[in-house]
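Participant: Below are the sequence and a predicted model for it; my questions follow.
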Amino acid sequence: MTNRLHKEIESLKKNIMTIVAEVEENVRMSVNSLKKRDSKLAKEVIEQDHHIDQREVQLEEECLKILALYQPVANDLRFIIAVMKINNDLERISDLAVNIAERAEFLATRETTGIPFDFSLMADKVQEMLRNSIHALVTLDLKLAHEVCAADDKVDDLNREMYHIVEDSVRRNPENIKELLHYLGVSRHLERIADSATNIAEDIIYMIDGEIVRHHVESYKSHSR
């Protein structure tokens, strides 16, 4: 039974990495649709989400089947639990990519407001967090997982900066409020993707050493120094 369980777990690893690749690509395309004001690309992101939803359900069913048939313990059990939680976060990230694409689709139809905010910096930071959380999953890199958690503060700061920029822009140009609120929505969705990447990193930390760290924010900073 041990050999069969290990084969099932290897299959689980391959399937979670397939979802990871598709979700990462959806985030990348959603950000590009915003930068390029490309409504066609935004539509592709929205259409791809249904496929990711199906994969998420299939992977959850696979995890439940393994738990029922093999009753794994210790490291194997922690891995399966972590995969189930990561699977849920990946589906959520895909939904947030869709939200960004929908904002991009709308903004592509409007004149640019010239808002003085570098979305590229925030998007690059968020995508780096997502890539690093995925790399930490593949390599079981505990240090990198802690670094992802620590990086979330920077994205939070950028989101707050965006809020103040939009607030000031609304006062000066109230006629642009609809477009400005869409930009604020993009910032919030990016911040939530960073939160989900942090959740993935926390699940990896749990998977590696059994430590539940979600309430120990300061530990992230100490591990990343």
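Facilitator: Here it is on my side, so go on. These figures come from a predicted structure and were not determined experimentally. Residues are numbered from 1 along each chain as shown.
Participant: Could you use CA atoms for every contact and neighbour count after this?
Facilitator: Will do.
Participant: any idea which helix or strand carries Leu34?
Facilitator: Under the criterion DSSP states H and E, the helix or strand holding Leu34 is helix 2-35.
Participant: Which stretches in this structure count as helices?
Facilitator: For the chain, the helices defined by DSSP state H occupy 2-35, 39-70, 74-107, 119-139, 142-172, 177-209, 217-224.
Participant: Output those as JSON lines; include the columns mean pLDDT and mean neighbour count.
Facilitator: Output for the helices of the chain, formatted as JSON lines (pLDDT from 0 to 100; neighbours: other Cα atoms under 10 Å):
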{"stretch": "helix 2-35", "mean pLDDT": "90", "mean neighbour count": "17"}
{"stretch": "helix 39-70", "mean pLDDT": "94", "mean neighbour count": "16"}
{"stretch": "helix 74-107", "mean pLDDT": "92", "mean neighbour count": "21"}
{"stretch": "helix 119-139", "mean pLDDT": "88", "mean neighbour count": "19"}
{"stretch": "helix 142-172", "mean pLDDT": "93", "mean neighbour count": "19"}
{"stretch": "helix 177-209", "mean pLDDT": "92", "mean neighbour count": "23"}
{"stretch": "helix 217-224", "mean pLDDT": "48", "mean neighbour count": "14"}
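Participant: that older thread, list the helices and strands the helix holding Leu34 packs on?
Facilitator: If contacts are counted by 3 or more Cα pairs under 8 Å, 6 or more residues apart in numbering; DSSP states H and E, helix 2-35 sits against helix 39-70, helix 74-107, helix 119-139.
Participant: one more time with 7 Å, if that's ok
Facilitator: helix 39-70, helix 74-107 (3 or more Cα pairs under 7 Å, 6 or more residues apart in numbering; DSSP states H and E).
Participant: Looking at the ones you listed, spot the one closest to Leu5.
Facilitator: helix 39-70 (6.7 Å; Cα to Cα).
Participant: Other residues contacting stretch 18-25?
Facilitator: Here stretch 18-25 makes contact (Cα atoms under 7 Å, 6 or more residues apart in numbering) with 52, 55, 90, 94.
Participant: Adding distance to Met129, write the helices and strands packed on helix 2-35 out as a markdown table.
Facilitator: Shown next, in a markdown table, are those (distance: least, Cα to Cα, whole Å):
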| stretch | distance to Met129 |
| --- | --- |
| helix 39-70 | 20 |
| helix 74-107 | 12 |
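Participant: wait, which of these is closest to Arg188?
Facilitator: Between Arg188 and these, the shortest gap by Cα to Cα is with helix 74-107, which sits at 9.4 Å.
Participant: How far off centre is that closest one?
Facilitator: Distance of helix 74-107 from its chain centroid, counting by Cα atoms, centre = their mean, to the nearest Å, is 6 Å.
Participant: can I assume Ala136 is in contact with Leu144?
Facilitator: Yes: if you go by Cα atoms under 7 Å, Ala136 and Leu144 touch, sitting 5.9 Å apart.
Participant: distance of Asp76 from Ile212?
Facilitator: Using Cα to Cα, to the nearest Å, Asp76 is found at 17 Å from Ile212.
Participant: Okay, angle between the helix holding Leu34 and helix 177-209 too, please.
Facilitator: Between helix 2-35 and helix 177-209, the angle comes out at 160 degrees (axes from the mean of the first three to the mean of the last three Cα atoms, to 10 degrees).
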